[in-house]
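# Dropping the sequence and predicted coords here.
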Amino acid sequence: RELLDFKRCQAYFKTDPAIVADYKARLSALAPGKKWIGLCWRSGMISPTRSSSYTLIEDWDELLLLPDVAVVNLQYGLCEDELRAAEERTGKTIIRWQDTDLQNDMEAVAALSQALHGVCAVARANPMAPGVLVAWVGAPTVP
């Protein structure tokens, strides 16, 4: 009857603790005292038939504007223009690193996801998708 009545599954994917610690150190330096929330707002493959299943980054402005939250980009693929537009619109910085390949480095995405306090991601079937990886490592998600 309660969410706590259901036992959580153990993580299916074990991350390297050193990589998780590195991301936590990076986040602590950039956003100390904040809740670090990962954001992935759409699929990497958008078409007219698929676009209605996903959000736009503008739909997440309320999250970006929360004073106690630092948003971390988990959106893979070509999204830099969207990130910059969101930063200009909200006046908030979205944390991201050029040395983290969100599209091809599953271990880095999993470790980054595990370092976060939570992840907001749209549902996708792609096993490399952040919403899926975060569940694999047993980290909290918000659908």
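The structure has been received and is ready for your questions. All figures in this text were calculated on a predicted structure; none of them were measured in a lab. Numbers count the residues shown, from 1 in each chain.
# residue ranges of the strands in the chain, please?
Shown for the chain, the strands assigned by DSSP state E span residues 35-40, 69-73, 118-121, 141-142.
# Scan this structure for its longest helix.
The helix that spans the most residues within the chain, counting by DSSP state H, is helix 17-30.
# tell me the angle of it relative to strand 69-73?
130 degrees (axes from the mean of the first three to the mean of the last three C-alpha atoms, to 10 degrees).
# I would like the residues contacting helix 17-30, please.
Outside of helix 17-30, the residues within contact range by C-beta atoms under 8 Å, 6 or more residues apart in numbering are 36, 70, 72, 95, 97, 107-108, 111-112, 114-116. Just so you know, the C-beta spots here come from the backbone N, C-alpha and C atoms, and that holds for glycine as well.
# will you turn those residues into JSON lines that also has neighbour count and pLDDT?
Putting the contacts of helix 17-30 into JSON lines (neighbours: other C-beta atoms under 10 Å; pLDDT from 0 to 100) gives the following:
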{"residue": "Trp36", "neighbour count": "22", "pLDDT": "96"}
{"residue": "Ala70", "neighbour count": "21", "pLDDT": "97"}
{"residue": "Val72", "neighbour count": "27", "pLDDT": "97"}
{"residue": "Ile95", "neighbour count": "20", "pLDDT": "98"}
{"residue": "Trp97", "neighbour count": "14", "pLDDT": "94"}
{"residue": "Glu107", "neighbour count": "13", "pLDDT": "90"}
{"residue": "Ala108", "neighbour count": "19", "pLDDT": "92"}
{"residue": "Ala111", "neighbour count": "24", "pLDDT": "93"}
{"residue": "Leu112", "neighbour count": "33", "pLDDT": "94"}
{"residue": "Gln114", "neighbour count": "24", "pLDDT": "90"}
{"residue": "Ala115", "neighbour count": "23", "pLDDT": "94"}
{"residue": "Leu116", "neighbour count": "24", "pLDDT": "93"}
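# okay if I get these as a markdown table plus distance to Arg84?
Compiled in a markdown table, these are given as follows (distance: C-beta to C-beta, whole Å):
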| residue | distance to Arg84 |
| --- | --- |
| Trp36 | 20 |
| Ala70 | 17 |
| Val72 | 16 |
| Ile95 | 14 |
| Trp97 | 15 |
| Glu107 | 27 |
| Ala108 | 22 |
| Ala111 | 25 |
| Leu112 | 20 |
| Gln114 | 27 |
| Ala115 | 24 |
| Leu116 | 22 |
